[in-house]
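Chemist: Predicted structure and sequence below. I'll ask about it afterward.
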Amino acid sequence: MSSSSHDHPLPPPRVEEVSDGVYAYIQPDGSWWINNTGFLAGTRGVVCIDACSTERRTRDFRAAIGKVSDRPITTLVNTHHHGDHTFGNWLFPEATIVGHEGVRAQILADGIPAYRAAWSPEVEWGRMELAPPFLTFTDRVTLHSDDLRCEVRHVGHAAHTTNDSYVWIPERRLLFSGDLVFNGGTPFVLMGSVIGALNALAQLRELGAETVVPGHGEVCGPEVFDQVEGYLRFVRQTAERGRAAGLSPLDAARETDLGEWGGLLDAERIVGNLHRAYAELDGQPIGAPIDLATAVLDMITYNGGKPLSCLA
């Protein structure tokens, strides 16, 4: 069963300067719908990396930026399409919203997704408006904050989703990974690929990052790649055993001792991850559409029939 645990109340979000003029906005505890963002405070304007899931959280993020810089927010980069990183886009009307072309396409295709109802307690989403990126790229785009070069690179294949990018600041050896990296939370690849996520980690390792701002969890170093890789290989091995035994993804999860991974937040994600791993073992292309509704219902069943925990 799910072993997710949370502190009540959660600690407040905080701004952490991770390099000169570059800030991470950390939102504890990093569980469902509670993501990290970031921003670069230049002399002429601010470049933001991702929005937040709710109107309140995004307004708080903007207020935190305002305490650091009085410059306008000129640019908002979306690392992928998930709502915890994009629902708040509409609250940046002055900014150019930048993302991979797949981010725009998926946001428009999903609309305001109904699967939000799978989480409890009832989330105060606030006002919601679709605001997909309107400056898109296919491979990479380079932004500059004053003279600081920021490379926004698409991973080139499905990983956490089908449209993941990361922000690499080579001069500072600093990486904003988006949800290619979770620190302290269970990695999630239901809408992406187990194999692709492993390949994305290999790509991130090659950068030589010294500081990593993950999509969820505390700022860390490159050692986090080992943790994420270990979990994904565990998922792959569990899927191989379960499929060979004729078990469904849900039953394979129920039969499996999570071991060292049981303490990660949102452990029920094992079920969604197994749905994706089974699809790949069945020969489906990485990132191919699968039955998301069944996977989410199976996660709820694994969670004792209770809605998944969201404290956003």
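Modeler: Yep, that arrived. Numbering: from 1, shown residues only.
Chemist: And the helices in the stretch 151-300 of the chain, which stretches?
Modeler: For the stretch 151-300 of the chain, helices defined by DSSP state H, counting those that start in this stretch occupy the ranges 194-205, 224-244, 249-254, 269-281, 292-302.
Chemist: Highest mean neighbour count out of those?
Modeler: Highest mean neighbour count among the helices of the stretch 151-300 of the chain (mean count of other CB atoms under 10 Å): helix 269-281, with a mean of 25. C-beta: built from backbone N, CA, C; applies to glycine.
Chemist: okay, the helices of the stretch 151-300 of the chain in a markdown table with mean pLDDT and distance to His144 next?
Modeler: Formatted as a markdown table, the helices of the stretch 151-300 of the chain follow (pLDDT from 0 to 100; distance: least, CB to CB, whole Å):
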| stretch | mean pLDDT | distance to His144 |
| --- | --- | --- |
| helix 194-205 | 98 | 22 |
| helix 224-244 | 98 | 27 |
| helix 249-254 | 98 | 45 |
| helix 269-281 | 98 | 37 |
| helix 292-302 | 96 | 38 |
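Chemist: CSV for those helices, including distance to Thr86?
Modeler: Formatted as CSV, these follow (distance: least, CB to CB, whole Å):
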stretch, distance to Thr86
helix 194-205, 19
helix 224-244, 22
helix 249-254, 27
helix 269-281, 20
helix 292-302, 17
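Chemist: For Phe188, which of these is the nearest?
Modeler: For those, the distance to Phe188 is smallest for helix 269-281, at 4.8 Å, taking CB to CB.
Chemist: what's the closest one in contact with?
Modeler: 186-195, 232, 235-236, 238-240, 242-243, 249-250, 252-253, 256, 258, 261, 286, 288, 290-291, 294-296, 298-299, 301-302 (CB atoms under 8 Å, 6 or more residues apart in numbering).
Chemist: How many neighbouring residues does Asp179 have?
Modeler: Residues within reach of Asp179, counting by other CB atoms under 10 Å, total 27.
Chemist: Distance check, it against Asp257.
Modeler: Asp179 sits 26 Å away from Asp257, going by CB to CB, to the nearest Å.
Chemist: same deal with His100?
Modeler: With CB to CB as the criterion, His100 and Asp257 are 37 Å apart.
Chemist: So which of those two has more stuff around it?
Modeler: Neighbour totals were compared for His100 and Asp257, and His100 leads with 29 against 8 (other CB under 10 Å).
Chemist: list the contacts for that one?
Modeler: Contacts of His100 by CB under 8 Å, 6+ apart are 80, 133, 136-138, 154, 163-165.
Chemist: can you put those in JSON lines and add pLDDT and neighbour count?
Modeler: As requested, those are exported to JSON lines (pLDDT from 0 to 100; neighbours: other CB atoms under 10 Å):
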{"residue": "His80", "pLDDT": "98", "neighbour count": "30"}
{"residue": "Pro133", "pLDDT": "98", "neighbour count": "23"}
{"residue": "Thr136", "pLDDT": "98", "neighbour count": "17"}
{"residue": "Phe137", "pLDDT": "98", "neighbour count": "17"}
{"residue": "Thr138", "pLDDT": "98", "neighbour count": "10"}
{"residue": "His154", "pLDDT": "98", "neighbour count": "22"}
{"residue": "Asn163", "pLDDT": "98", "neighbour count": "26"}
{"residue": "Asp164", "pLDDT": "98", "neighbour count": "29"}
{"residue": "Ser165", "pLDDT": "98", "neighbour count": "29"}
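Chemist: So which of those residues is the closest to Cys220?
Modeler: Of those, the one sitting nearest to Cys220 (CB to CB) turns out to be Asp164, at 18.4 Å.
Chemist: Give me the spatial nearest neighbour of Arg173, chain neighbours excluded.
Modeler: Residue nearest to Arg173 in three dimensions, not counting chain neighbours: Glu210, with 4.0 Å by CB to CB, 6 or more residues apart in numbering.
Chemist: what separates that neighbour from Gly111, distance-wise?
Modeler: Per CB to CB, Glu210 is found 40 Å from Gly111.
Chemist: Which one's more surrounded, these two?
Modeler: For Glu210 versus Gly111, neighbours defined as other CB under 10 Å are more numerous around Glu210 (12 against 9).
Chemist: Go ahead and confirm that one touches Leu174.
Modeler: Yes: using CB atoms under 8 Å, Glu210 is in contact with Leu174, at 7.2 Å.
Chemist: In the protein, where is pLDDT below threshold?
Modeler: Applying pLDDT under 70 to the chain picks out residues 1-8.
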